[in-house]
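Trainee: curious how this folds, go ahead:
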Amino acid sequence: MMAGEKGGKEAAAGSRFLALLKRNRALLIFFLFILVMPLWAENVYKTISLDFVFIMRLVGVYTIAAVGLNLLMGYAGQVSLGQGAFFGIGAYTSALLTLKAGFPVWVGIALAIAVSALFGILVAPVLRLKGHYLAMATLGLAIIVFVFLREMTWLTEGNFGLSGIPSLNLPFTSITGFDLPFIKDKAQRPELYLQFYLIWIIVFAALILCSNLVRSRVGRSMRALHQSEVAAEAMGVNVSAQKIKVFVLSAALGGLAGGIYANLQGYIDPNMFTITLSISVLTMVVIGGMESIWGAVAGAAVITFLPKMVEAIPKWVGDAPKWLERYSNYEGIVFGLILVLTMIFMPSGITKGLSDLVRLRRSPFVNPFRRKAVE
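Mentor: Below you'll find the model as predicted:
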């Protein structure tokens, strides 16, 4: 009897484990892809001059900021154009603490999260506004932060920026000099690869946290808030407290992304954190798909890879058109066009649009080959 009960419990545990793997198979596949990327990325870089590892570090940073905004906009339905402000606050907090106060890098990043979250709490009264009014208020917030960073020269050095920011490294160790098995020589930039892994460990932690959050009771209350604040309040949701919580979490993730970015780049100035950054993060969310955790990854990848690919085109074809050399002047137009086309043809974003396309192709009602198989 006891053996039978034990076998039943083991079978139930095995079933739950298989169900967990099935539910998170996309995450596992993407994790394996990230894990093996440095094994082939160096050869690709030498062949087509597209540095996947370098670019994917930035994709990881922007994914963290975008997933925070996705929680606020996609799930809670609160429009924000101020994510760049929290990104900039996090970047300058980490940079100032590590460069001028001598704090360890990871302490600086942790305090960047705390300062951004605190700033989110201080400006949370703007959440009393709704719709376009809230969007305009958060836009004003982004402008105020930019002007502050530019004009407070005694602290931020203004337009001269902060240089010599300590590099992102492993806690309590120096990242340089640490070897990976697939690195054959120092020319293969071991520091770059280790930073890549560190960033994506943090990204996966953020994705898992947010994925579990949206499946929880808090996530259900956020979705209810998105549909109707009156109905959510009638069902017992504390609307005001819920808005503040998700806003502060979004701010904290923006600060985390900014803190990592500052130590990754080694130099920052206020012009990196203009309203353009907020619009770029917003574009990532919309293109990838609101109310989709994976949409943050897809949107960040598209927006980050596109200019890098355009820059690499002259190296592929040799004599490239002159306008490609001035692509940065037209980048806003290209992003706007992508945003418009996405809203027209894939209003739910790339991830939802492609998954719907695959599901329809597999349907016997749409695919004639599958229809014949069913018949």
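Trainee: how many residues are close by Leu27?
Mentor: 16 (other C-beta atoms under 10 Å). All C-beta spots, glycine's among them, are computed from the backbone N, C-alpha and C.
Trainee: err, Ser94, not the other one
Mentor: Ser94 has 33 neighbours, counted by other C-beta under 10 Å.
Trainee: any idea of the mean pLDDT in the helix or strand hosting it?
Mentor: In this assignment (DSSP states H and E), Ser94 forms part of helix 83-99. In this model, helix 83-99 has an average pLDDT of 95.
Trainee: who touches the next helix or strand along the chain from that helix?
Mentor: For helix 83-99, the following helix or strand on the C-terminal side (DSSP H and E) is helix 105-122. With C-beta atoms under 8 Å, 6 or more residues apart in numbering as the test, helix 105-122 has contacts from 86, 89-91, 93-95, 97-98, 103, 166-169, 171, 244, 247-252, 254-256, 258-260, 262-263.
Trainee: what's the closest non-adjacent residue to Val248?
Mentor: Ranked by C-beta to C-beta, 6 or more residues apart in numbering and with sequence neighbours excluded, the top spatial neighbour of Val248 is Gly120, at 4.3 Å.
Trainee: where's the one you found relative to Phe87, distance?
Mentor: 12 Å (C-beta to C-beta, to the nearest Å).
Trainee: which one's more surrounded, the two?
Mentor: When neighbours are counted by other C-beta under 10 Å, Gly120 and Phe87 differ, and Phe87 comes out ahead with 35 against 23.
Trainee: what about the spatially closest residue to the more buried one that is not a sequence neighbour, distance to Leu27?
Mentor: Once its chain neighbours are removed from consideration, Phe87 has its nearest residue in Gly258; the separation is 4.1 Å (C-beta to C-beta, 6+ apart). Between Gly258 and Leu27 the computed distance is 25 Å (C-beta to C-beta).
Trainee: low-scoring stretches of the stretch 201-350 of the chain, by residue?
Mentor: Counting by pLDDT under 70, the ranges of the stretch 201-350 of the chain that qualify are 314-328.
Trainee: so Ala312 sits right up against Ser49, yeah?
Mentor: Yes: with the criterion set as C-beta atoms under 8 Å, Ala312 and Ser49 qualify as a contacting pair; they are 5.0 Å apart.
Trainee: secondary structure class for the residue nearest the centre of the chain?
Mentor: The C-alpha lying nearest the average C-alpha coordinate of the chain belongs to Thr63 (C-alpha atoms, centre = their mean; 1.2 Å). Secondary structure of Thr63, reduced to three states by DSSP: H, G, I helix; E, B strand; the rest coil: helix.
Trainee: sorry, back to before: the inter-axis angle of the helix or strand that contains the residue nearest to Phe87 versus helix 105-122?
Mentor: When elements are defined using DSSP H and E, Gly258 is found to belong to helix 239-265. Relative orientation of helix 239-265 versus helix 105-122 (axes from the mean of the first three to the mean of the last three C-alpha atoms, to 10 degrees): 150 degrees.
Trainee: next secondary structure element downstream of helix 239-265?
Mentor: The first helix or strand that comes after helix 239-265 along the chain, using DSSP H and E, is strand 267-268.
Trainee: what's the following helix or strand after that following strand?
Mentor: helix 275-288.
Trainee: tell me which helix or strand comes right after that next one.
Mentor: Where DSSP H and E defines the elements, the next helix or strand beyond helix 275-288 is helix 293-317.
Trainee: quick one: residues contacting the nearest residue to Val297 once chain neighbours are set aside.
Mentor: Using C-beta to C-beta, 6+ apart and skipping the chain neighbours, the partner closest in space to Val297 is Thr63 (5.2 Å). Applying C-beta under 8 Å, 6+ apart, one finds that Thr63 lies in contact with 203, 206-207, 296-297, 300.
Trainee: can you redo these as JSON lines with neighbour count and distance to Gly332?
Mentor: Formatted as JSON lines, the entries for the contacts of Thr63 read as follows, by neighbours: other C-beta atoms under 10 Å; distance: C-beta to C-beta, whole Å:
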{"residue": "Val203", "neighbour count": "24", "distance to Gly332": "26"}
{"residue": "Ala206", "neighbour count": "21", "distance to Gly332": "28"}
{"residue": "Leu207", "neighbour count": "21", "distance to Gly332": "29"}
{"residue": "Ala296", "neighbour count": "33", "distance to Gly332": "21"}
{"residue": "Val297", "neighbour count": "22", "distance to Gly332": "23"}
{"residue": "Ala300", "neighbour count": "30", "distance to Gly332": "18"}
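Trainee: which single one of these is nearest to Asn271?
Mentor: Minimum distance to Asn271 across the contacts of Thr63 is 20.8 Å, recorded for Ala300 (C-beta to C-beta).
Trainee: tell me how far that closest one lies from Glu151.
Mentor: 30 Å.
Trainee: same check, this time on Ser348
Mentor: Between Ser348 and Glu151 the computed distance is 41 Å (C-beta to C-beta).
Trainee: can you check Lys352 too?
Mentor: From Lys352 over to Glu151 (counting by C-beta to C-beta), the distance is 42 Å.
Trainee: which of these two has more neighbours?
Mentor: Lys352 (19 against 13).
Trainee: and the closest residue to that one other than its chain neighbours, how many neighbours?
Mentor: Using C-beta to C-beta, 6+ apart and skipping residues adjacent in sequence, the residue nearest Lys352 is Gly289, 4.7 Å away. Gly289: 26 surrounding residues under other C-beta under 10 Å.
Trainee: one more: the one 3 residues further on?
Mentor: Close neighbours of Ser292, defined as other C-beta under 10 Å, add up to 23.
Trainee: for it, which non-adjacent residue is closest in space?
Mentor: Spatial nearest neighbour of Ser292, chain neighbours left out: Thr351 (5.1 Å); criterion: C-beta to C-beta, 6+ apart.
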